[in-house]
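[1] output the structure for:
(2 chains)
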There are 2 protein chains.
Amino acid sequence: MNQKYKKEDILEAGGALIRKQGYHNTGINDLLKTCNIPKGSFYNFFKSKEDFAVKLIEFYGIKMLSFIENILQDQTLSPLQRIKKFYTQLIDFNAQEGWTSGCLVNNMMSEVGSLSPKLGEASDKVFWIWVETIAKCIKEGQNLGEIGTKYSSIELAEYLHTSIYGGLTRVKASKNAAPLKLIYKISMHTLSA
Amino acid sequence: MNQKYKKEDILEAGGALIRKQGYHNTGINDLLKTCNIPKGSFYNFFKSKEDFAVKLIEFYGIKMLSFIENILQDQTLSPLQRIKKFYTQLIDFNAQEGWTSGCLVNNMMSEVGSLSPKLGEASDKVFWIWVETIAKCIKEGQNLGEIGTKYSSIELAEYLHTSIYGGLTRVKASKNAAPLKLIYKISMHTLSA
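    Numbers count the residues shown, from 1 in each chain, chains lettered A, B, ... in the order given. Next up, the predicted model:
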């Protein structure tokens, strides 16, 4: 068992790099340098760059899920208030970064979602777990009458997260928050309708 | 003047490759092989791979604009019918491709929109021209009362195209039309509301 290097540390540091500069733009040597780890040790943990990326998507998925649940299960706020708080924080976080990186899973879906079945499948799985978690909160809001029932909670969650991700992609090029805030505003109106 | 190779042919063939497999995943040698052109001739037309990509985004932008205008200026259909026809064709085209490639500009925004200011700017500019064109048709629909006026035509166009692009990214990983068709359905309802 390799005690000197921790898998989580490699996923954390390497993941930040891939989230910022992309999958194909990041070579194994970039990962080794950023994670300050010898090649042999890296391959003790991961079979290949693709294998690293699969594990990274899962790691990021769990971390993000914890962030989502932390807000969406907060019983001191109404379900719609929680949804709004979650997306506002997501937007603010990306704004603070200067729209440089976006969401790792959204980036992966775009760059390699179709090229690599393994990475596409891992991204889809994580996205779906998030959507189910968001849908639970939407369902609560629907039961309370503060979120509309024209669409199911799963449909609204899928619509909301996919649209916001469209905005996250868009602001990487526009370099201002306007398109993303517009998506947020209109999709929140759709939820309330 | 180099007569043997046409700039448009290089942009067409090289563009299809980059749209499918990404910017960083496509090297100069891949472009030369696909376009069947010697390196020297390629550099007669383009200063660098980045320069090629800027020209490609502009080329793709004009081609797509012609496709958009062809549908959105069709006076035999109502403005809302034209909008629906345009997005239905966009979705069908991507379905026929098996969700492999998506939109070049959307892909570029995601992969290099922030990494390369030149590519981000070129993508943003093209996106904006499309949005203005879609907005004109929405404005017509608003004047006729078949599209709502809660949001401006520009806002609705930006919302619509950005959301649909979120769906185009999503289906690269989901490999089925459901998320994209859902975005289409809900955003069309937003327009009518």
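[2] how many neighbours does the residue in chain A positioned nearest to chain B have?
    In chain A, the residue that lies nearest chain B is A:G166 (2.3 Å; CB to the nearest CB). Using the backbone N, CA and C atoms, a C-beta is placed for each residue, glycine as well. Neighbour count of A:G166, defined by other CB atoms under 10 Å in any protein chain shown: 27.
[3] mind listing what A:I18 touches?
    A:26, A:31, A:53, A:56, A:104 (CB atoms under 8 Å, 6 or more residues apart in numbering or on different chains).
[4] who does the longest helix along chain A touch, helix- and strand-wise?
    The helix spanning the most residues in chain A, taking DSSP state H as the definition, is helix A:117-144. Judged by 3 or more CB pairs under 8 Å, 6 or more residues apart in numbering or on different chains; DSSP states H and E, the packing partners of helix A:117-144 are helix A:49-72, helix A:79-96, helix A:104-112, helix A:153-174, helix B:153-174.
[5] any idea of the mean pLDDT in the last one?
    Just to be clear, that refers to helix B:153-174. For helix B:153-174, mean pLDDT is 98.
[6] pLDDT averaged over the next helix or strand after that helix - what is it?
    Later in the chain than helix B:153-174, the nearest helix or strand by DSSP states H and E is helix B:178-192. Mean pLDDT, helix B:178-192: 96.
[7] got a list of what the closest residue to A:I68 other than its chain neighbours touches?
    Leaving aside its chain neighbours, A:I68 sits nearest to A:T133 (5.4 Å; criterion: CB to CB, 6 or more residues apart in numbering or on different chains). Counting by CB under 8 Å, 6+ apart, A:T133 touches A:65, A:68-69, A:72.
[8] filter the residues you listed down to the buried ones.
    A:68, A:72 (16 or more other CB atoms under 10 Å in any protein chain shown).
[9] out of the contacts of A:T133, who's nearest A:C137?
    Distances from A:C137 to the contacts of A:T133, taken as CB to CB, are shortest for A:L72 (4.2 Å).
[10] show the contacting residues for that closest one.
    So A:L72 contacts A:79, A:82-83, A:86, A:133-134, A:136-137 (CB under 8 Å, 6+ apart).
[11] closest one of those to B:E8?
    So of those, ranked by how close each gets to B:E8 (CB to CB), first place is A:I134, at 45.2 Å.
[12] I figured the closest one hits A:T162, correct?
    No - using CB atoms under 8 Å, A:I134 makes no contact with A:T162, being 11.0 Å away.
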